[in-house]
Structure formats: structure tokens, C-alpha cells
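*Asks:* Quick one: sequence plus predicted model below, questions after.
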Amino acid sequence: MAKQLEVIKFRDLLPVEGIPRFVPGFEQPTLEIKGGDFRSVERILINEVPSPEFIIVNKHTIYVQLPTAAERSITNIEVISSNFTKTSTYSTIHYEIGTKTRTISGLLKLVQLFVKWMLQSPRTDIFNPERGGGMQELVGKVQTTRTMDSVASSIARSVKNTVTQIRAAQVNTQGLALEERLLAAEISDIQIFEKQMEARVKINIRSVAGSEAVAALEL
């Protein structure tokens, strides 16, 4: 099975089931968070700001220091795993190679290929000028909820075009593993946020082998 350098990092978002209390005895405000299997936690975002420090107390408990920007109000918590397990509700995406490079194969390689092609703008590759779903061009186009219909349709069109392009490219590819062959990709959720001027989309990606992953993107 051919491998590929990981340039887009997909990381599971672990479920948060409760925030029972502020933990006493810490110099900085620190939350106790209960939830899923936290042993693989790599990063925690509170109000989209990384926590300066966290402690994995046990499998289902972590202590998390609040970022200064989140000390007055907590609106959102994301607990990010170092894993891509395919079984999480969805994964988040980080665009980086990092200090420790690694190669990928199988479903993760397929998901990375799909996201790269979907974001790519047509005419940016001189060897394949038609390639690209063009979703990156949507960045900045979300102005108000009044544009929701046009943004949603543009995202749907980008996903559909990417599916068509990858399927066509893989038809004559010999020796490609079934888990790396695209069967389908479907949008499961689109949300438009007027105040943040952004769109969030979840895409279910399925391989011919039957394995499935969910990619979550913010535009």
C-alpha cells in the first residue's frame, strides 16, 4: 500500500459530558472536565483559544487551565485527540506538517486527498487546470445569514465536483487499495454564523471498502 506524507492533520474531537466545577488549589482558574476517553488528548480549545496547560487525571477526567480570554465567559470547549480513529463523531482539521513528519495510508490518505482537491481552486495547477473543488474561494464570501442559500449551494457544488474528479482520476489507477478509493462524499451538516462571518460544514467521506470518516471544516 503506497504511503503519502501527512500535510493535513485530522484529529478526533472527544465528547465532553460535563464540567462539574472549578478545581480548588490552582493558582490559575482551572476547570474539571468529564467525558470520553481522554488518554489521547493533544490540545484543548476554550472559546477557540488553546488552553495554556491541562492535566489528564484519569481516563474520563482532565483539569484544564482557562485561557485569559475565556475567564469571563465560556461559550465553547473542544477536546482534541492526537488520534484519527474513524469512530469519533467528527474530526477537526489542522493544516501543517509539524516538527515530526509521518506518512499515512488507507482511509486517512483518502480523506486528505479529498480535502486537498476540494479546497484547491481550478486553474492553479498548470498540469491539471480543471482540478479543484474551489471551496477555498468561498472564504470571505459569508457576509450575513441572507447569503446562506448561495453559500450552501456553492459548498454542495464543490463537494460534488470533487467527488466526480477523484472518481475519474482513480478509475484507471492500478493497485490502489479499496480503502483509498472514493465511493461517496456527502454533506451531513452546514451552519452559517453571521457574527463570526464563517461557515462550518461536516462531510461524510466513504471508501469503496466501506470505511467512513467525517471531516469538519470552517470557512
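*Replies:* Looks like it arrived, so ask away. The shown structure was predicted, so the numbers you read here are calculated from the model rather than taken from an experiment.
*Asks:* where does residue 150 land in three-state SS?
*Replies:* Secondary structure state of residue 150, per DSSP: H, G, I helix; E, B strand; the rest coil, is helix.
*Asks:* Show me the chain divided up by domain.
*Replies:* According to automatic domain parsing, the chain comprises the domains 9-92, 105-218.
*Asks:* So which of the ones you listed is nearest residue 3?
*Replies:* domain 105-218 (4.8 Å; Cβ to Cβ). In short, each C-beta sits where N, CA and C put it, glycine included.
*Asks:* returning to what we had before: just put the domains of the chain in a markdown table and tack on mean pLDDT, distance to residue 3 and mean neighbour count.
*Replies:* What follows is these, written out as a markdown table (pLDDT from 0 to 100; distance: least, Cβ to Cβ, whole Å; neighbours: other Cβ atoms under 10 Å):
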| stretch | mean pLDDT | distance to residue 3 | mean neighbour count |
| --- | --- | --- | --- |
| domain 9-92 | 86 | 15 | 16 |
| domain 105-218 | 83 | 5 | 16 |
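*Asks:* in this protein, which spans are strands?
*Replies:* With strands called from DSSP state E, the chain shows them at 4-5, 8-14, 16-22, 30-35, 41-46, 49-50, 54-58, 61-65, 77-81, 91-95, 103-104, 182-193, 198-207, 212-218.
*Asks:* Let me have those strands in CSV, extended by distance to residue 176.
*Replies:* Below are those laid out as CSV (distance: least, Cβ to Cβ, whole Å):
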stretch, distance to residue 176
strand 4-5, 12
strand 8-14, 19
strand 16-22, 38
strand 30-35, 37
strand 41-46, 30
strand 49-50, 37
strand 54-58, 39
strand 61-65, 40
strand 77-81, 28
strand 91-95, 23
strand 103-104, 15
strand 182-193, 10
strand 198-207, 10
strand 212-218, 17
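*Asks:* so which of those comes closest to residue 170?
*Replies:* strand 182-193 (6.5 Å).
*Asks:* now that closest one, how far from the centre of its chain.
*Replies:* Put simply, strand 182-193 sits 12 Å off its chain's centre (Cα atoms, centre = their mean, to the nearest Å).
*Asks:* Tell me which of the strands of the chain lies nearest to residue 167.
*Replies:* Of the strands of the chain, nearest to residue 167 by Cβ to Cβ is strand 182-193, at 5.9 Å.
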